[in-house]
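Visitor: Output the structure for:
(2 chains)
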Protein chains: 2
Amino acid sequence: MRILNRERLQYVVDNHLQKDIFRGNFGLEKENNRVDLKGKLALTPHPKAFGSKKENPYIKTDFSESQIELITPVFESIEETYHFMETLHDIVSLELNDEYMWPSSNPPVLPDEDEIPIASMDDPSENQYRRKLAEKYGRKRQLISGIHFNFSFQEEFLQKLYGTLQVKQSFRNFKDDVYLKVARNVMKYRWLLIYLTGASPVFDKSYIERCVQLSDHFDEESHFFPNMNSLRNSVCGYRNDKLLHVSMDSVEDYIRDLQKLVSSNELLSVREYYSPVRIKPAIGCDVVHELIHHGIAYLELRMIDLNPLYKIGVSKESLHFVHLFLVTLLLIEDQPFGEEEHKIAALNHDSLIMNGIEGRLYGEESHFENLREKALYFIDEMEEMLNFLMSNEQSFIELLENSRRIVKDAQLSYAEIVKSEIQQSTYLSYHLEKARRYREESKATGYQFTGYEDLELSTQLLLKAAVKRGVKFEILDRQDNFILLQQGDHKEYIKQATKTSLDSYSTILIMENKIVTKKVLERNGIRVPKGRVYHDLDIALADYPLHRGKPIVIKPKSTNFGLGITIFAGDYTLEDYHKAFEMAFEHDQTILLEQFVTGKEYRFLVMGDEVVGVLHRVPANVVGDGIRTIEQLVIDKNKDPLRGIGYKTPLERIQLGDVEKMFLKNQSRTIADVPMAGEIVYLRENSNISTGGDSIDFTDEIPESYKQIAIQSAKAAEATFCGVDMMIDDISEEASNRNYCIIEINFNPAIHIHCYPYQGINRKADDKILDLLFQEK
Amino acid sequence: MRILNRERLQYVVDNHLQKDIFRGNFGLEKENNRVDLKGKLALTPHPKAFGSKKENPYIKTDFSESQIELITPVFESIEETYHFMETLHDIVSLELNDEYMWPSSNPPVLPDEDEIPIASMDDPSENQYRRKLAEKYGRKRQLISGIHFNFSFQEEFLQKLYGTLQVKQSFRNFKDDVYLKVARNVMKYRWLLIYLTGASPVFDKSYIERCVQLSDHFDEESHFFPNMNSLRNSVCGYRNDKLLHVSMDSVEDYIRDLQKLVSSNELLSVREYYSPVRIKPAIGCDVVHELIHHGIAYLELRMIDLNPLYKIGVSKESLHFVHLFLVTLLLIEDQPFGEEEHKIAALNHDSLIMNGIEGRLYGEESHFENLREKALYFIDEMEEMLNFLMSNEQSFIELLENSRRIVKDAQLSYAEIVKSEIQQSTYLSYHLEKARRYREESKATGYQFTGYEDLELSTQLLLKAAVKRGVKFEILDRQDNFILLQQGDHKEYIKQATKTSLDSYSTILIMENKIVTKKVLERNGIRVPKGRVYHDLDIALADYPLHRGKPIVIKPKSTNFGLGITIFAGDYTLEDYHKAFEMAFEHDQTILLEQFVTGKEYRFLVMGDEVVGVLHRVPANVVGDGIRTIEQLVIDKNKDPLRGIGYKTPLERIQLGDVEKMFLKNQSRTIADVPMAGEIVYLRENSNISTGGDSIDFTDEIPESYKQIAIQSAKAAEATFCGVDMMIDDISEEASNRNYCIIEINFNPAIHIHCYPYQGINRKADDKILDLLFQEK
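Guide: Here you go, the predicted structure:
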């Protein structure tokens, strides 16, 4: 007897729905316990940086104060969902001081029950509920963590399906039926998912005493049950004490049964029904009311373990498999699923947990010898579905092939891999090592928002900072780095991280216009290079005698990329001067001639009333050690994960091209030379970050007097966010009315250079933007 | 004996100062009496539109409430100063309802003394001073109006001169001496300026009885004295009763003599010293204190009549002559100017007034037969100076030549021309006719700010509105239309009239991005064309079946000039569709496909919480009269002064080029056809103003419901100033959720089209901008 309904498959093909059926909306939730550097449960409070536990939609706590819960928004692809979870993980990981995120579903080294902190919420009834749960299940059990996978079909697909089927029920009822059917089938076949995703085979001796006593152990600490791949899905895991029957025939039946369980005090609340799959309404506040009035919006699968083999606790393959599995469950034959079937499903679940894939298969399908045979058959049916729907892409085929191999050989399963690796270490040190490594990985790519790498770094950082404190975001236009941030009713439209509502348009226009900028600064008593404006070549030439012998810069009014600019630091002839103007006039009708200002250039990042960071750039260079060649020094310096190619990282790799080689040659060197220890060798004249320059944070070294000038400059232009470029002769002197000069104010200052400088600390400019945008008024 | 000091001339040449000596700063002040349409002094209050009499630096009142005083800022050229005065004149002229600006120094038809309203000021001591003056001189006399010409040498020139001369006094004392010397010479030779600029020979019978009785008359009304070219500079004019001697040897002597006159009650205040020339400090509040402590900043010449032959009351030639005259006075021999010389100068003044240019020349220069001979000699000296300084430009030479002719033949003087023209009319109707004509001239160019025609019309209008209410302005960058407006301490930086501090940068960015604009509007429940975004040609092509048969527009995301846009209103093939996308992708990487919206397009100008104007554009057209050909109709329609070429006017002239002729041909017409009376003939498909289209004001016709939608759209983007482009099916219906569509919001809406539409009234958008920028907070 085949489970797939071929008529139904044909129907999908006939109605051109074979692409749409694979479309859906995906969300992930996961919990991680915080641990100290020794792997003991952290007893510290939930970090303040994550804002309100209740209002931050991304980062919350679960039962325990030490148990962080990460929640992605809903995306239309697994890829995006996965990336977002990775970023959530990175954000939390980087914010934790001297703590790790414990990478297993099974708890870390635990203190006594009553030392485990229950999450403290603002709402007293919430606190009471958590205390009652803690009493009922025990706090240790509650620390069992996992992944929840939220899925819905694309609404358009369901509507098309409804439209073509011409059934006599309402769309809402039709949709409820679709999800109820899939949910029933999830209950029935959940053992297969548990087998393929289970990854919590071993636990620490500090876990619940009775479970520890009953178990085997590899060493003094690391306990396990033979064949059990998921402690979490076992009786020692976090599940309801008894098998509770809740009908999944209709929303009404489901609610009725749940409410019966609550009124008979089996459950403290409907929330306590820890079913492997839940039917969920679109809005979560009052589940019962919402389900009855607006129906099912998505399914929540709750049986997936945290997988320590992956940084974010689950593999992308697992998620794709679950997705295919759910689509298959929609397309198989309808079968009754009453109390009896419910019990059989639970038997198969426990059969898998206790005996693994070779465990007995319960239920009517007695012609299969064990779970493995049924599993292989199910995977074949999945493959047939793909073929039928012409969705047999290589990645799907490989996914099924891999699952088949794991079903055939349990040693290939995640749980067995984890178990055998722990066997060569201990439960504690194995997971601690993973936690440490994942934290390093988070650090190495901390400057980016995985899944949004096409955005500018400054925008990626701002989005991460928003997520960290629970400010919701939406990308309005990716190409433009145009985003919407929202907290409660407060909306902020932002482009390129620093173009916000806090700067007025006239402020931007002032900064955009060099002539106006200078006038505004000058009138506010701030030093700017003296200069003249020319619209006419002849007039400029007639003024040559005025400038002759003085160091000057000739530049077009509006170019910002160094085009058409000539610097005369020493002597220059009328002919040189003439050529410089001709070149400048090619780029603009208005040319500025300014005194050439000496000193070093510093970028002051001004935000509101403060200087958030000060940066100085140094040309590409290496520091000798008396051993390595210049070439080797460059190669090694380029290994810094902050250095990349094409502006995707805060720093760029140093090149060894013609320019660099020529620059060395002018110093009578080659890349094969070995510089002395401590000797600095420059490879470029220019200090741009884009040609391998270093960014050096000077925020703490620059005297306050210069910072005040930068702030005054911003205030003169009425700017909230700006980058003030200041030339300073000698920062060991305080600022006077002689020793500095403002050469530009920039209205879209990059923030990533201040967060991830080559030398110096993260100045958290991203957080500062949000502080200003969302400050209480 | 020659008056020019040749050594001094040589000195100027040797030190390369021959260009600098002609540089200077120029300012003009003038008074005009307001009159009703019959030429009677207006008894209405000073118009509110001009703001505070005290604080408006450009438009004030003088002695009488009916006497408007116009004051230009200081400019570096006569040209600019003249233009500004013209604009001030236009502004006031256009703001007066049913009143004219009386174009003569001599008063219009006057009521009885005590019916003439004294200017009412906020300051009681000011009011008291004016009342006392009125008692002393009589109110009629006080209505005598004129021009004041303010002049200073370029500061840099004086500094260079001081530097090269190496005199042993301070720069300040040197500068005082320069101006005192020129001032003394002005006193001495003022009769020549009075001769050349006098233009008030005739006066009305309603003037001071004694003057009327002593005079001759052309008719019942128009009185004159033989040979007298300037009543204003006569005893019947507004001058001190007695000849008062005030030394001009030094600032201290000047102040001492003035204060002596005040303490002996000869004068009510130092301000009452009505000298033909005054020495003035840089800041005007406390003249005595400022002169003593900071010295002389400029000279004020006060003897120039309002010249009814010119709209603004003075010819540019007169001003250039005065300037050359002042430069000459610096270069002539130093001679003592004590009480005796003072008296002689007064005698020559009165000699000119009573006997004209043939009058006797008093003083030591007895070898000249009369004023005329001396005048010719003086002009020769001026010419020699020009030759010497190699500044003998044609315009200067002509200026002197013309003056020479007038000296030789008094009939050519302004006064004689005015007199002879009045003789053919009456004093009243002659000046009334002039006033009427000048007002028409002001109207015809009301949309422009003379001297600033290179700025965009919107900026010109805003500047005029600012001047009108006394908001000071500065052009920060002409090319960019970047201005600074200032009222007290309140500064506003503005670019292109509507780019201001009242819009945040994020608001601008929302409007700049069509995708984001649509999202923002849609979420606020505002109708926008449905559409999709494409980044990829293949995906766009795959969607062809979705759009086939529906009217659509395909357009690049960021172009604003119609480039790359294709409209498919009817059927289109895949090939057409393909080509349209290819073309669009040439302009942007992001292409929008939108439903093609029907209806007529209206531009709603939203400012703050209101719709200031609604405009609909109609393609270039003429309306037949059954007589004229299309060509003639176009020629006649183009005579409208609002129509010009090259965006310098609110409307563009209709062309009769290939496009128009082809368009007519398609209607089986030629430009030689004579359309029927009332028949509308279109000459273009497109309705752009730039191709001769008409702008039709619909502000009063559009139902309020559409205006509310426009305001909501602006609010959704948080915009203060924007242009909302709305498609409306039928404006006779109220707005519903079906019959309109917002196609764009523009962040830099032109305002001139709402101020000077082809059909409709001035919606004063310029005033509204200022209301919002400078509203009390």
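
Visitor: and the gap between A:Asn638 and A:Gly644?
Guide: 9 Å (Cβ to Cβ, to the nearest Å). C-beta: built from backbone N, CA, C; applies to glycine.

Visitor: Quick check: neighbours shared by those two?
Guide: A:Arg653 (Cβ atoms under 8 Å, 6 or more residues apart in numbering or on different chains).

Visitor: Which strands and helices lie in contact with the longest helix along chain A?
Guide: Longest helix in chain A, counting residues (DSSP state H): helix A:171-197. Under the contact criterion of 3 or more Cβ pairs under 8 Å, 6 or more residues apart in numbering or on different chains; DSSP states H and E, helix A:171-197 touches helix A:155-165, helix A:251-263, strand A:277-280, strand A:298-305, helix A:316-331, helix A:339-355, helix A:371-388, helix A:394-408.

Visitor: Let me have the ones you listed in TSV, extended by distance to A:Tyr438, mean neighbour count and mean pLDDT.
Guide: TSV is the format used below for these (distance: least, Cβ to Cβ, whole Å; neighbours: other Cβ atoms under 10 Å in any protein chain shown; pLDDT from 0 to 100):
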stretch	distance to A:Tyr438	mean neighbour count	mean pLDDT
helix A:155-165	36	15	88
helix A:251-263	38	17	96
strand A:277-280	29	22	96
strand A:298-305	16	23	97
helix A:316-331	16	20	96
helix A:339-355	27	19	95
helix A:371-388	31	19	94
helix A:394-408	23	15	94
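
Visitor: Spell out which parts of the stretch 351-500 of chain A neighbour chain B.
Guide: Residues of the stretch 351-500 of chain A found near chain B, taking Cβ under 8 Å from any Cβ of the partner chain as the criterion, are A:476-477, A:479-480, A:482, A:492-495, A:499-500.

Visitor: Could you identify which of those has the most neighbours?
Guide: A:Ile494 (27 neighbours; other Cβ atoms under 10 Å in any protein chain shown).

Visitor: What is the three-state secondary structure of that one?
Guide: strand (DSSP: H, G, I helix; E, B strand; the rest coil).

Visitor: list the contacts for it?
Guide: With Cβ under 8 Å, 6+ apart, A:Ile494 has these contacts: A:462, A:482-485, A:500, A:773, B:506.

Visitor: of all the residues in the stretch 651-777 of chain A, which ones are close to chain B?
Guide: A:718, A:747.

Visitor: For the stretch 651-777 of chain A, give the residue positioned nearest to chain B.
Guide: At 7.1 Å from chain B, A:Glu718 is the closest residue in the stretch 651-777 of chain A, using Cβ to the nearest Cβ.

Visitor: from memory that residue sits against A:Ile508, does it?
Guide: No. Taking contacts as Cβ atoms under 8 Å, A:Glu718 lies outside contact range of A:Ile508: 10.1 Å.

Visitor: quick one, which of these two is more surrounded?
Guide: A:Ile508 (22 against 16).

Visitor: Give me the distance between the helix or strand where the more buried one lies and the centre of its chain.
Guide: A:Ile508 is part of helix A:505-512 when elements are defined by DSSP states H and E. Helix A:505-512 has its C-alpha centroid displaced from the chain centroid by 34 Å (Cα atoms, centre = their mean, to the nearest Å).

Visitor: Please apply the same query to stretch A:673-684.
Guide: Distance, centroid of stretch A:673-684 to centroid of chain: 39 Å (Cα atoms, centre = their mean).

Visitor: Thank you, goodbye.
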